[in-house]
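[1] just coords:
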DNA sequence: AGCACGCCGACT
DNA sequence: GTCGGCGTGCTC
């Protein structure tokens, strides 16, 4: 076993295969599969993943591994397998697949240094020469700032300077420095008295140690005595103290106390649902369950008690929730039940915090992970259950490479570990519910709310009617009336509006011109606070013009309403109401989300106004009214899932009301009250919606009847984009069977983003065994061309948004 | 991705 | 005859 196959950290399709390296004798016992190593590659050093150890190679002249980067493998055999499968099925690089399974702290970082050569100094400008003489070696970027990249390349070529690459390990454990007495107390005292002159501070420190003969951290001593690190180091030099570092976990929840909870008695419904899950846990068999339970029916308690069972068997559990920073309440429930056994992984954590949580898992210090999408790759080795809450959420599909779906990964891992996968939702995705109907998944249902209260009363208000009555405000009479009622009673209100900013677009009333982003094919959104118009796609922003840029007219009007405008209108209509606004603009800062929700929970506000981020998981007893300001914003986006998403959103947000003692009411305002997703959401009739929508999908040849692949091409040259897309479509038509539908080439729904034109095609199919192979060829074909022209193509299997 | 190699135009 | 532009192909 002297040879290692390595996937190198060079993200191109040309290098997407293992390279063999000799293992130097000194590392022979150390290097294992799944470790990261540093290897020489085409004249420089790069990081790589060892995927195999072997005795022979077909390559004759092998180079040697420079050194390992890990003491223990970061990917075990299961994860290596999972990564290969992921790369295969989503058409991404093996390297990219491995990287997505690891915390970002373990991603290699390279640093480029320059050093001075013999008589190079004579040729260099003073600024650079002086710096190099002083420091011997500087970062390439520093040099570039001084003299420009072109000059540096020249210098390298002429041999005046040398370039050196270094692979940096970003994985920084947080270390805390301690000083402890270097010996036991009696010899310590002896040594102190025999030591030659000690400084004043040093004496002080020695005295302190004698009074408290233990290790003390540098920060503790600094707090007590001022900056004494120098003196501590002197004491170390003369052998009295010894410096040590301990790893310390960063705990994102360290300031929170989680009230301990105990298992609640289950209802008859819940008992019936949990029984088959417990059985599969006991018998160690893999099965996928779809837990369809209406909002407030107690799905979480089923999760908790299943996990309890798993932990008792000495196994581990993974729980996925949609973007967890949004639901601190969820974390609380898991930490409350399982305390220290829980690790939390989500995008709100810093790189260091994610790394620490990951290490707790790797070291088996926890048995439960609660996290967002990527937590599905938690390096557990003995999984007893995988739970995906709010199974229908689109965030489980990553919308950048690698475009994997957490549900697929969960099922793959469930098979390997022979354990159940539990998908839970009040509004299951059509895909999953259809599978449950076919018996591929086992359906478990909870049809009753736990509090024995019915679902909240839902009223649909026709906003066209309001307009006819002369009401031009954002609020119907009914909603306003109900809001005032709640304010008097001191109960709380949630208002949902699917649009941030102030108004959705800015139009000239004289010429009809709508302000557009210069880089994207998208209208600009008006933000009143800053008096700017912004593009929500590329971030472009500019001052709102006073006159129309095309015709010069001053009659500029703002159309549509965003959260900012509603907030303002609320201030006028109900000046006594206290409002909290929650959207990407007010929750950008770390922890802001949690703070706003906490304030609402403590009744520091009467109204919580927000975009769809408020629709999920909120569980506050005092909310008795939910208002949806415009239910149809989502309905008319060009996406075959628009109805499904609208139905889900309305159902979810309605579920926020009346979860506890007080009965809840919901008011849905819409311009299309007759639409079935609004009518059926009003009745909370999922099954009827399912049947209706399935009929439409069947007719339109959409999922779950057909599988979908989306191919997009983008570049700043429109002709090139069209030509490339046409070429791809011709290629596909030639290679795929005639049962496959190929739609396009067509303009993407957003025709231009960040100055790049976008074209796309859609592939619909039921069964096409060689599809992956053909798609891989498309990809390879265009990676050759990519170098020349820079056209980027993306292939998305089972896309979730068609934008 | 980065790097060498090689071919061709521009200039000492 | 040399320097430097960048298209091409390779990296164990």
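    Looks like it came in fine. Treat the numbers as computed from the prediction; the structure is a model and nothing was measured.

[2] did I read that right, residue A:242 in a strand?
    Yes. Using DSSP: H, G, I helix; E, B strand; the rest coil, the assignment for residue A:242 is a strand.

[3] Can you give me the neighbour number for the nearest residue to it once chain neighbours are set aside?
    Leaving aside its chain neighbours, residue A:242 sits nearest to residue A:182 (4.3 Å; criterion: CB to CB, 6 or more residues apart in numbering). Bear in mind the C-beta positions are built from the backbone N, C-alpha and C, glycine included. Around residue A:182 there are 16 other residues, counting by other CB atoms under 10 Å.

[4] Distance check, the residue nearest to residue A:541 when sequence neighbours are not counted against residue A:505.
    Leaving aside its chain neighbours, residue A:541 sits nearest to residue A:534 (4.3 Å; criterion: CB to CB, 6+ apart). With distances taken as CB to CB, to the nearest Å, residue A:534 is found 12 Å from residue A:505.

[5] got any residues that touch both of these two?
    A:524-525 (CB atoms under 8 Å, 6 or more residues apart in numbering).

[6] you'd agree residue A:475 is up against residue A:577?
    No. Using CB atoms under 8 Å, residue A:475 is not in contact with residue A:577; the gap is 11.8 Å.

[7] of the two, who's got more company?
    Neighbours were counted for residue A:475 and for residue A:577 using other CB under 10 Å; residue A:475 has more, 24 against 16.

[8] Next up, the contacts around residue A:449.
    A:294-297, A:455.

[9] mind checking how far it is from residue A:155?
    73 Å.

[10] got it, and residue A:388?
    For residue A:388 relative to residue A:155 (CB to CB), the value is 55 Å.

[11] just residue A:594 next, same as before
    51 Å.

[12] Looking only at neighbour counts, state which of those two leads.
    residue A:155 (22 against 18).

[13] The more buried one: what's it in contact with?
    Residue A:155 neighbours (CB under 8 Å, 6+ apart): A:114, A:120, A:123-124, A:161.

[14] Most widely separated two among those?
    For the contacts of residue A:155, the farthest-apart pair by CB to CB is A:114 and A:123; their separation is 13.5 Å.

[15] and residue A:698, how many neighbours does it have?
    For residue A:698, the count of nearby residues is 12 (other CB under 10 Å).

[16] now it: how far from residue A:435?
    16 Å.

[17] what are the phi and psi values for the residue nearest to the spatial centre of chain A?
    By CA atoms, centre = their mean, chain A has its centre lying nearest to residue A:347, at 5.0 Å. Residue A:347 has phi and psi values of phi -70, psi -10 when expressed as degrees, to the nearest 10.

[18] ok, it touching residue A:323?
    Yes. With contacts defined as CB under 8 Å, residue A:347 counts as touching residue A:323 at a distance of 6.8 Å.

[19] how about the helices in the stretch 451-600 of chain A?
    A:463-468, A:477-489, A:563-573, A:592-601 (DSSP state H, counting those that start in this stretch).

[20] for DNA strand C, what are the nearby residues on chain A?
    Selection of chain A residues close to DNA strand C by CB under 7 Å from any atom of the strand yields A:10, A:12, A:14-15, A:18-22, A:40-42, A:57, A:59, A:61-63, A:154, A:157, A:787-788.

[21] Okay, and which of those residues map to strands?
    A:19-22, A:40-41, A:63 (DSSP state E).

[22] shared neighbours of residue A:475 and residue A:577, anything?
    residue A:483.

[23] In CSV, list the helices of the stretch 451-600 of chain A along with distance to residue A:510 and mean pLDDT.
    Output for these, formatted as CSV (distance: least, CB to CB, whole Å; pLDDT from 0 to 100):
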stretch, distance to residue A:510, mean pLDDT
helix A:463-468, 23, 88
helix A:477-489, 33, 93
helix A:563-573, 23, 85
helix A:592-601, 41, 83
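
[24] Got the phi and psi for residue A:303?
    The phi/psi pair for residue A:303 (degrees, to the nearest 10) is phi -60, psi -50.

[25] could you list every residue that touches it?
    A:319, A:387, A:389, A:422, A:424.

[26] what's the spacing between it and DNA strand B?
    The gap separating residue A:303 from DNA strand B is 43 Å, by CB to the nearest atom of the strand, to the nearest Å.

[27] What's the PyMOL line that selects buried ones from the residues of chain A next to DNA strand C?
    Here is the PyMOL command that selects the buried residues among these (16 or more other CB atoms under 10 Å):
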select buried, chain A and resi 10+15+18+19+20+21+41+57
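
[28] Within reach of DNA strand B, which of the residues of chain A next to DNA strand C are there?
    On the criterion CB under 7 Å from any atom of the strand, A:10, A:12, A:14-15, A:42 are the entries of these that sit beside DNA strand B.

[29] Single out whichever of the contacts of residue A:303 has the smallest pLDDT.
    Lowest in pLDDT among those is residue A:389, which has 94.

[30] these two touch, right, that one and residue A:424?
    Yes. Using CB under 8 Å, residue A:389 is in contact with residue A:424, at 5.1 Å.

[31] Which neighbours do those two have in common?
    Overlap of the contact sets of residue A:389 and residue A:424 (by CB under 8 Å, 6+ apart) consists of A:299, A:303.

[32] what comes into contact with whatever helix or strand residue A:647 lives in?
    Using DSSP states H and E, residue A:647 falls within helix A:642-654. With contacts defined as CB under 8 Å, 6+ apart, helix A:642-654 is touched by A:295, A:392, A:394, A:426-427, A:429-430, A:455-456, A:458, A:494, A:496, A:498, A:612, A:614-616, A:626, A:628, A:631-632, A:634-636, A:639, A:666, A:668, A:675-678, A:680-682, A:684, A:686, A:689, A:693, A:696.

[33] chain center to it: distance?
    In terms of CA atoms, centre = their mean, to the nearest Å, the centre of helix A:642-654 is set 22 Å apart from its chain centre.

[34] what does stretch A:632-641 give?
    Worked out by CA atoms, centre = their mean, stretch A:632-641 lies 24 Å from the chain centre.

[35] Stretch A:707-716 now?
    22 Å.

[36] Ok, stretch A:556-563 next?
    31 Å.
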